[in-house]
Structure formats: C-alpha cells, structure tokens
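J.: Compute the structure for the input listed below.
(chains A and B)
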Amino acid sequence: MSENQYPKSMNTFLKKFKSLKVGTLVPGFLRSSLLILLITVFTIMGLMAAGIIPYAKFTREIIEITIYPKAIEVNGLYVYENPFPVTVLQGLRIPFPDSPFQIPPATVQVSEIDNTGNSIIRRLPVNWIGGIPYFSTRIPSNGTTYVRVTFRQRTTENKGIYLLKTTAPWIRPLEHGMYILKPKNIKITGSNYPLKGKDELYFERKEFYPLKNWIFSWEAKKQ
Amino acid sequence: MTRNIFKIGIIGAFVFGFPFCIFANSPPALQSFFGSILILPLMVLLTALGGGYAVIRRLKKKKESSLLRKIIISVVLIFISGIFEGTSLLVTLAFSAIAVKRGIRMIFWGGRSNPNSQKELDIIVGKGKSIRLITCGLLIIIMAIGIVGLNIVFVGQRRQSNSTSIIENDLRELVKYQLKVGEVHREKSGVVLYEEPDTRNEGGPYIFKGNYFFPGERFWRIRHWSEYWGIEFTIGKDGKAFEIFIWPKRFPLFPYNYLISYPSFFADQTGNLRYIRVHSPIRCPRDAPIFDRVKIK
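T.: Here you go, the predicted structure:
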C-alpha cells in the first residue's frame, strides 16, 4: 500500500514515527538517560536469555527417589511461577552428579502436568547438548507451571547423590521442598539430611537454600 | 556520545550474555531465543572491528534514521521472541537478514581495493582496510547463518527428542517380555528359548506381525516411531539368544548434528541394557557400557 492509500490518521502516525529523533523527542538532559535505560533493559534481557538471570521463580519441589538394590529412580515435581504479565519461556537443564558410582541415565522424561500432579498436559522435548539435557517450559502470565522430571540411574555402590546445591541461579531460596526416599527391597542406612518417617523416609524444608547435596546410602534386604 | 554509549552497551550485553555452565538442581539455562538477542551485538562488534562504521558514517548522505527508533524496535522484537519459540525463529531470521546484508556490504567495500581510483567509495574505503572489512564481513555472515541454523535445529528435532524416553521404556518392556518367554520355555522344557518375532503366540500378550506388534501397546509403539528410530530384533540360530538394536535416525544437518546427541541402544538375553550417545545414525556396539539391567524376578 502506498502512503496515499492509508487513512489520514495512519499517515500522520507514520510520518511522525519516521521522523522520530532523539533530539526532538526528549530534552537533552533526558536523552542519555533514556538510552542508558534501554541499554540496561537490553542487557538484562540478554542475561535472562543466557539463563544467568531467570525469568521465572522456582518456588517448590517434591522429589521422590525410589531406591532399588542397584538403581535409583528419581521422580521430581518442580513448580515455577511467572511474575510477569506476559507468557515467558524458561529454559532449564538437568545436571547429574559427577559420581563414579552413579551412571548417568540414557534418557530423561520431562512433562508438563496439571496442578493435581496426575495428568500430563504435554511432553516436553529434551535436547542433550554436551551430555546435559536441556528443555524449555512455557509459563503463563502471572501463572504457575508444574513440571515432572523422571529418570533412572544405575548405581555400582549402595549410595546415591541428589544435587541440591546451587539454588543460587534462581537467586532466591525455595519456598518449600519435600524430599522422599522410597525403599524397594532395601533398607536405608544413612542420609546427610536427617530423615523422618517409617516406610518412606523424608525431610522437608521451607525457605530452603541448600548448601550441600543430598547423599544417602542403603543396604539390600536379606531374603 | 550517545552512539558510543549505545555501542558499548551492546558489546556489554554480548559479553555478559555469554552463558555459564552451572551444575545445579534444574537451574535456568540458555533460552532458545538467545540467538536472536546475540545477532545484533555481534554484528555491531564485528562491524566496529572491521572498520565498517568508518565507511558507513562517510557514506551516509541523507539524514540518518533515529537511533532511538532502532533500539525500541529491537527491544520490542526481542521481547516478543522470548515469549514463543516460533516468533523467536522469525525474529532471528529478520535479524540475521540484516546482519547478512551488512556482511555483504562490508565484503563489497573491502573488495574495492584500487588506490588509483578517484571514485568516492574507493577513496573512503582506502587501501589497507580491505582485509579487515572482508574478514569481518565474512564472520558476520557465518555468525548470522550459524545462529539461524541453531534455532531451526532445535525446533526441527522436537519429535526425535520427544520419543527418546518412550523408546527406552519400550525397550525395557521388550526385553522383559523376551526374558519371560524364555523363562516360560525353561519351565516347560528345561531349556531357555526365545521366540521368533513373527510367530503367533496363542494366549501370549504380545504378537508381532508384519510391521505391527499387537495387541501389546508398547511394542507397537516402537514401530510407530520407525520414522525416527531404527530397530533390529534377531533371535540366535539355536533360539537361546536374542539381540535388539535401536538407533536414532533423524539428526540435524552437519555441523549442527554435533550439538545434539541421542542414545543408541543395545540389549540381549543377559538383560543388560547398553547405550552410547551418538551424533549420527550409528548402532550401539555390543560392548558399550551398561546403564541398566532388566530382571524378571
């Protein structure tokens, strides 16, 4: 469409937009401030895009670890909240402990689930880059997303590690964390976090900023 | 002054935007739209390094468009690209087109190496700057195309990535079933025997016929993913052994295939599940590390 075909108001808007200049738009003393503000916004967006500053808030998690004699199965429920008035796409990665007795899994299953924790809304594709699985989850504006991550790791010794450190990338502590061990034909013999419970052992924390990973050990039940 | 602040800020955004690897409990990670936010700062950096701005400034005869307008448009587009992966690709394509155009112009300027010419452009470009202009122009083009390719790779690999954990679970069930079949034969005849996959097993839960396993849902599912996964199932001549190879089939074009890896599986009658991570359709070797073991008791 040529400018003659636009409505008069659109023509006026286009002419003004095309002639938009810093010098005529704002007084001199505000010019640099505005540019610095925009550059700051651009830099913050860059840091968010790089995953250094997260978009979302990581508020809660429930980690269930089923322990078999020679393997552990991790079933994690992670809750992310979006404080912004627009939908955001939050990138995440799933690191595994660098441990000689815990073999990295072949695959990781990641799903977005509903708030009851039972129904899968969609599977999230996981891309393994440099041996680390990455995925993204969309969080609605001022909303919450529930993500379930499941994987199984073979263990060569009767102990396991679950990474809890470095909540630091999320900047703030976890509002609530629940960590459960479910023994299958084994007996839990140790945990560096004190555990409660009888059949299933657990510990719970609020305003949790973990300084150490969770290390637990077990022995096979004698048959 | 404002132009210099802008350029320093853009370069700063690039420097601070470089991702760090922090191993933690599902920490935030590189966003898929990181490419769209990276193109413009890299273009500015390489143009400055190549001496392109010196040429641009002298060539501009008409009044230059507002710097503020360009920044506002860029920020808005990047903001939009952070919301949806689809818009991220479009914005990245748009920015890379701008960058490629800049790269081509810089190569064109650098190619004009004629010290005797009286033309204005040749005088402006001058000799001695041509190598910098050409090199940085080439780097801009490579960078822009590379970043666009990255975006396309991750969008295009969705179904291959989505099926990976399904395939692993189905492999477990397939091995478990075969071990059960062997156990049933052992109880009947004292010898562990595994069945040929095209034999109808009356009363058995899983039947393989043609391209379908039915009614066993899991076996059918492996074949359902045959566009993305290759499967080879063989029974030994004496029926006392079986081998299963499952390998990924769909990868991005070179060199992007080296960014992503998928597991290639092998399993046999020992119940050991083995895998290696591959960047192309390669079968898992029989002596690959064991990552799990299936038992039926």
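
J.: Which strand or helix spans residue 182?
T.: Because you didn't say which chain, this covers chain A. strand A:174-183 (DSSP states H and E).

J.: sorry, should have said chain B
T.: helix B:164-189.

J.: Give me the residue at the spatial middle of chain A.
T.: A:Leu92 (4.8 Å; Cα atoms, centre = their mean).

J.: That one sits in which helix or strand?
T.: For A:Leu92, the host element (DSSP H and E) is strand A:88-93.

J.: contacting residues for residue 80?
T.: Picking chain A for this. If you count contacts by Cβ atoms under 8 Å, 6 or more residues apart in numbering or on different chains, A:Tyr80 has them with A:56-59, A:90, A:137, A:139, A:144-145, A:147. The way it works is simple: take the backbone N, C-alpha and C, and place the C-beta from them, glycine included.

J.: switch to chain B, that's the one I care about
T.: Counting by Cβ under 8 Å, 6+ apart, B:Ile80 has contacts B:87, B:91.

J.: Let me know the secondary structure of it.
T.: helix (DSSP: H, G, I helix; E, B strand; the rest coil).

J.: Then B:Lys70?
T.: Going by three-state DSSP: B:Lys70 is helix.

J.: picking that back up, any idea how far the residue nearest to the centre of chain A lies from chain B?
T.: 5 Å (Cβ to the nearest Cβ, to the nearest Å).

J.: and that residue, bridged to which residues?
T.: A:Phe135, B:Pro28 (DSSP bridges).

J.: So it sits against A:Thr137, correct?
T.: Yes. Contact criterion Cβ atoms under 8 Å: A:Leu92 and A:Thr137 qualify, at 6.7 Å.

J.: Which neighbours do those two have in common?
T.: With Cβ under 8 Å, 6+ apart, A:Leu92 and A:Thr137 have common neighbours A:Val147.

J.: Tell me which stretches of the chain form helices.
T.: Since you didn't name a chain, this refers to chain A. Listed in chain order, the helices of chain A (DSSP state H) span residues A:8-18, A:22-25, A:28-49.

J.: other chain: chain B
T.: B:2-16, B:34-50, B:52-59, B:67-81, B:85-111, B:120-125, B:130-156, B:158-162, B:164-189, B:217-224.

J.: residues from the stretch 101-250 of chain B in reach of chain A?
T.: Contact residues (Cβ under 8 Å from any Cβ of the partner chain) of the stretch 101-250 of chain B with chain A: B:154, B:157-159, B:161-162, B:164-165, B:167-169.

J.: Could you rerun that using 6 Å?
T.: By the rule Cβ under 6 Å from any Cβ of the partner chain, the part of the stretch 101-250 of chain B lying against chain A is B:158, B:161-162, B:164-165, B:168.

J.: Can you convert those into TSV and add a column each for neighbour count and pLDDT?
T.: Shown next, in TSV, are these (neighbours: other Cβ atoms under 10 Å in any protein chain shown; pLDDT from 0 to 100):
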residue	neighbour count	pLDDT
B:Arg158	14	80
B:Ser161	25	86
B:Asn162	18	84
B:Thr164	23	90
B:Ser165	21	88
B:Glu168	23	91
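
J.: Dump these into JSON lines; add distance to A:Leu181 as well.
T.: Compiled in JSON lines, these are given as follows (distance: Cβ to Cβ, whole Å):
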{"residue": "B:Arg158", "distance to A:Leu181": "34"}
{"residue": "B:Ser161", "distance to A:Leu181": "30"}
{"residue": "B:Asn162", "distance to A:Leu181": "30"}
{"residue": "B:Thr164", "distance to A:Leu181": "27"}
{"residue": "B:Ser165", "distance to A:Leu181": "23"}
{"residue": "B:Glu168", "distance to A:Leu181": "24"}
